[in-house]
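A.B. asks: Fold the following and give me the result.
(4 chains)
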Protein chains: 4
Amino acid sequence: MDLPGLIVAPLTPFTADLEVDERALRRQIDYVVGDCRATMVVAAGVETQEYTYLSLDQRKALIRRTIELVDGRVPVMVGVSHPSFRTAIELAHDAERLGAAAVQLLAPLRPFAGPPTQADLVGYFEAVSKETALPITLYLNPGPGADVSIADTIALARLPRVQFIKESSRDLARVSRLIVEIDRAGHARYFTTMQMLLITLQLGGSGATMPPPAAEIARHIIDAVTAKDYERAAELQLQFALFPGKWMHRGLAPVMKAAMNLIGVPAGEPYPPYQALSGDELAGLAAVLKSSALAGRFAATAAA
Amino acid sequence: MDLPGLIVAPLTPFTADLEVDERALRRQIDYVVGDCRATMVVAAGVETQEYTYLSLDQRKALIRRTIELVDGRVPVMVGVSHPSFRTAIELAHDAERLGAAAVQLLAPLRPFAGPPTQADLVGYFEAVSKETALPITLYLNPGPGADVSIADTIALARLPRVQFIKESSRDLARVSRLIVEIDRAGHARYFTTMQMLLITLQLGGSGATMPPPAAEIARHIIDAVTAKDYERAAELQLQFALFPGKWMHRGLAPVMKAAMNLIGVPAGEPYPPYQALSGDELAGLAAVLKSSALAGRFAATAAA
Amino acid sequence: MDLPGLIVAPLTPFTADLEVDERALRRQIDYVVGDCRATMVVAAGVETQEYTYLSLDQRKALIRRTIELVDGRVPVMVGVSHPSFRTAIELAHDAERLGAAAVQLLAPLRPFAGPPTQADLVGYFEAVSKETALPITLYLNPGPGADVSIADTIALARLPRVQFIKESSRDLARVSRLIVEIDRAGHARYFTTMQMLLITLQLGGSGATMPPPAAEIARHIIDAVTAKDYERAAELQLQFALFPGKWMHRGLAPVMKAAMNLIGVPAGEPYPPYQALSGDELAGLAAVLKSSALAGRFAATAAA
Amino acid sequence: MDLPGLIVAPLTPFTADLEVDERALRRQIDYVVGDCRATMVVAAGVETQEYTYLSLDQRKALIRRTIELVDGRVPVMVGVSHPSFRTAIELAHDAERLGAAAVQLLAPLRPFAGPPTQADLVGYFEAVSKETALPITLYLNPGPGADVSIADTIALARLPRVQFIKESSRDLARVSRLIVEIDRAGHARYFTTMQMLLITLQLGGSGATMPPPAAEIARHIIDAVTAKDYERAAELQLQFALFPGKWMHRGLAPVMKAAMNLIGVPAGEPYPPYQALSGDELAGLAAVLKSSALAGRFAATAAA
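C.D. replies: Okay, the predicted model is just below:
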């Protein structure tokens, strides 16, 4: 993967019957690879991809199909998160067979009350590490996953197989410290999220993971930083001030799906019971996106 | 189900190969029904039952086997929690076919950041309600599930199919208010947990849900309250002051499994990576249990 | 102090000019001592007493006036909480001179980010302990004060001068464990709050601290428990299910002041910017109180 | 005040007798004005200044002395935070008389449980606004102060007298949104803190508030940004990754006092019970500072 890394997690489009809509997925992956210039694609790895609704067989099918549709254009990282390390290993073995470049594994909640200890977390990651040759991304997402302390994050980053970290927090005191103590210290590559992208790159972090179409804006930020045009980068970064924050009461997946539908790369509706944005919300979102780096997509859509 | 209700959730014993140990399960269910005198048994319903590690087929097998082993002695409530309402419905249909008396459904986390709204929660429970004739237990367990506000809990309790509530919080300001606004108001039966049992019954709540062997102590509390021997009830309730709290850094399932092993009803070890109690911890736990209502079990075990 | 203890914290009535209204205070203290039969009165000790708005001189005057108005009928405990241990000591010396029976000291927030360590907390309480002969109540109120862990609470309770604990949490798992590890272990007397009163007494805790008129209901609960009439006690305890919880979005002081005004023992309005209950809220509160142990006060007020 | 703003809050040096050490204060203010080139100095405004330990008279004396020692070289902003709006107004009147340029006011906790409502917060700020002609800084510091939502922050920023905001959070999703909706929308100037400085400036925020000697590093960051040398700015910003985070278990005031003592501008020890850094901690801190923009101070100190 080229650095700075733009790891993109395609949204999962569903048909009216709540099956994965393969046609929409194909169109989206072309957008992610061709237009966002993802340096890596994630298959069923982050919660925004709504993979937790799928049966294990549906999830495996989504992973396989994602890899086929990316078709070697960029490396693919496969989400293998599961409360059972055994199922995570099973998914990792699948990923190896399918030619994945890495696996992504959520630091798990302890199901029965209380936070996991460092020994619990290390034990879980070691159990998976032993059974796969692929590099592992430690995925930190408090809520669906555990809230991992700075000390425990560093302990996990020191495991040889853990070569990437995807951090969902927007706490810059935490993230700047971990970039130094993990990424710059050589333990693992540190990836954050859209609101954190510019400062992550400036401090020496490795990039960010996010869904489209945020990823298209992120691509422009990365290009500006690579060109050392920091003022342009800041102007672009500012586009993440209102989008998606202003609509986050709906959740990240519904906002990103709405944005994709608006720019003409249909991603369907949220899996029930979560609802699509209302007409007023869509109008507000469209207004914000039309003054962003995505503006050109609207013209193209209107013309089409 | 007779009231006050003692709803018991058997622990899931695993073999060394991490399969469900049916022999230990049978022994445990006899203890739960015969010695704890459960008024209802839960199959794969609460997180302490470690069902999240199982594949869907293993989970269905555990449910079926639990119902077979209870063998009609008491009603069985089947856990159908799943991020997808479709899978919850599939499990509910299974439960109906197997003769279950009710289903239990966790108020779900929104997978992609932020708390679910009341509309999200009501939508999810209504989707399942429409497809099953069985009464539903609303299961509240912040962490694995959503942290549902008082107002949203009341809204869910008003759904006709929601006839029971299982609340995991130990917040007595919240619980006493909800007992009045839900149970005494006729919307649903309110069940709490071990530390809350006596005060729940005194305030007019309907009982509690818990794993064994806590359930055996709870049986004595319920008997004492039924006999209006409140001083005896308080003395017994006090046994939940140190057990399981003092070992909760290990998590509830490991503590309860350790206690079962100590009293001679083997329940196996925690599913990895979670670890069994250390020797010192076991000794401390044994000392506490030997001065509890479970003391007699130790003599029986020693004699055997 | 007789046990079970009913420690009552009079509300601070303010005139239109925001001075302490001495006439209303006198009337209230007579109610607290005569009708609620407080076993101890707190002067400027808990946040509900709105003492933080006062200058140090005003606060000292309120303490002195409270002691004069109680006039030896029951012991008085003086609040000495202050970020500076020096000011706490100064207030404790005042309390000694005025004949107080004890002082109450909030476990303080660390002003500059992060929770205090056990060493910080013990250092602070030891600094005050060294300079006063009076017994100290450790006051636990996360928010205005620190959120003290179970282990740190036990460490503080072991200090010889710390003879009482006032716990504001409604977490019964925490409280039942601390009653055993602190009160029944002989380290300090454990006092809780209104929603926790009955179960606290049943488990062997020493009583509760609260403002009027909740204290009048609490008096009846204590009398019922003393008479071993646990069913009556539970019926009374249930009166704390809606009151004050249903109006707590207004805060505890405004709700209690409203209730006092309704029962004919005027306590004035909340200190600005906090607002009095609206007309609709007052009507709802009156309806609940009229079906409580305070019902008789309404008749008396109407007749007056 | 010139923008970007570097608002510096001198630490409060105490003598062994816990009085304000005027000589050390003078030396420090010269450092703050001369070396850090503060664009504004805060007198007794932020919690790190340990002003909450002082009596009101001591606090007024500290404010007066700070203004005298700054001696017109830069504007001074006076902290007027107090639970009572009356005392805040009294302090604001003092500030006017002393020639202050602005006042700073903490969004207060509701003393008696539960978060303040938007009406509570607006009422409090309006009460102070009515009585002073000085611009007000809304100070957001959850813990000692309220945790103010995005919507409530915007409502407060729209008050005409509220012209500055000092935000203590390191949540970049929140801060980037508020920079757009408040600072760029023209409602108030947005100031953050050390870890957030570079990205704040890049997104169009107005600067940051902090104590020395962090302020000296911040001065270099601001100079680099002003010179459009963003790579140098990022390199300097990185110096806040470990300092002060790695020692924050001690709290911000003890870490900053230790750093000041190390660079030869003595700031005394933390007010008890909080303790100074241990020998090992000091050695670690010195090593980090010697590779920072403060390195030159060590040479100067050694030479002196």
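A.B. asks: contacting residues around the residue lying closest to A:T301 once chain neighbours are set aside?
C.D. replies: Excluding the flanking residues, the one nearest A:T301 by CB to CB, 6 or more residues apart in numbering or on different chains is A:G264, at 3.4 Å. From N, CA and C alone the C-beta is placed, and that goes for glycine too. Contact analysis of A:G264 by CB atoms under 8 Å, 6 or more residues apart in numbering or on different chains lists A:R297, A:F298, A:A300, A:T301, A:A304.
A.B. asks: Next, A:G264: phi, psi?
C.D. replies: Note on A:G264: backbone dihedrals following degrees, to the nearest 10 are phi 90, psi 20.
A.B. asks: and what of A:P244?
C.D. replies: phi -100, psi 0.
A.B. asks: Verify the stated contact: it with A:P211.
C.D. replies: No: if you go by CB atoms under 8 Å, A:P244 and A:P211 don't touch, sitting 9.6 Å apart.
A.B. asks: Pull up the overlap in contacts between the two.
C.D. replies: A:L252, A:M256.
A.B. asks: is any part of stretch A:146-162 close to chain C?
C.D. replies: No: against chain C, stretch A:146-162 shows no contacts by CB under 8 Å from any CB of the partner chain, the least distance being 12.9 Å.
A.B. asks: gap between the two ends of that stretch?
C.D. replies: 17 Å (CA to CA, to the nearest Å).
A.B. asks: and it, which residues are buried?
C.D. replies: A:A146, A:V148, A:D152, A:T153, A:I154, A:A155, A:L156, A:A157, A:L159, A:R161, A:V162 (16 or more other CB atoms under 10 Å in any protein chain shown).
A.B. asks: got the contact list for it?
C.D. replies: By CB under 8 Å, 6+ apart, stretch A:146-162 touches A:107-110, A:115-116, A:118, A:121-122, A:125-126, A:128-129, A:132, A:135-138, A:140, A:142, A:165, A:174, A:177-178, A:181-182, A:187-188.
A.B. asks: among these, which ones are buried?
C.D. replies: The buried subset of these - by 16+ other CB under 10 Å - is A:107-110, A:115-116, A:121-122, A:125, A:128-129, A:132, A:135-138, A:140, A:165, A:174, A:177-178, A:181-182, A:187-188.
A.B. asks: near chain D too, which of those residues?
C.D. replies: Among the buried ones among the contacts of stretch A:146-162, chain D is touched by A:R174, A:R177, A:E181 when using CB under 8 Å from any CB.
A.B. asks: More neighbours: A:P244 and A:P211, which one.
C.D. replies: A:P211 (29 against 24; other CB atoms under 10 Å in any protein chain shown).
A.B. asks: Report pLDDT for the more buried one.
C.D. replies: At A:P211, the model reports a pLDDT of 98.
A.B. asks: swap in the one 3 residues further on?
C.D. replies: We note a pLDDT of 98 for A:A214 in this prediction.
A.B. asks: Check A:A304 too.
C.D. replies: So A:A304 comes in at 63 (pLDDT).
A.B. asks: now A:L3
C.D. replies: A:L3 carries a pLDDT value of 89.
A.B. asks: Just flag the most distant two among the buried residues of stretch A:146-162.
C.D. replies: Farthest-apart pair in those is A:A146 and A:R161; separation 18.6 Å (CB to CB).
A.B. asks: just the strands in the stretch 201-304 of chain A please.
C.D. replies: In the stretch 201-304 of chain A, the strands defined using DSSP state E, counting those that start in this stretch lie at A:207-210.
A.B. asks: So which bits of stretch A:182-199 are buried?
C.D. replies: In stretch A:182-199, counting by 16+ other CB under 10 Å, buried: A:182-183, A:187-199.
A.B. asks: Just those residues: which are in helices?
C.D. replies: The helices, defined by DSSP state H, take in A:L197, A:L198, A:I199 from the buried residues of stretch A:182-199.
A.B. asks: Perfect, I'm done here.
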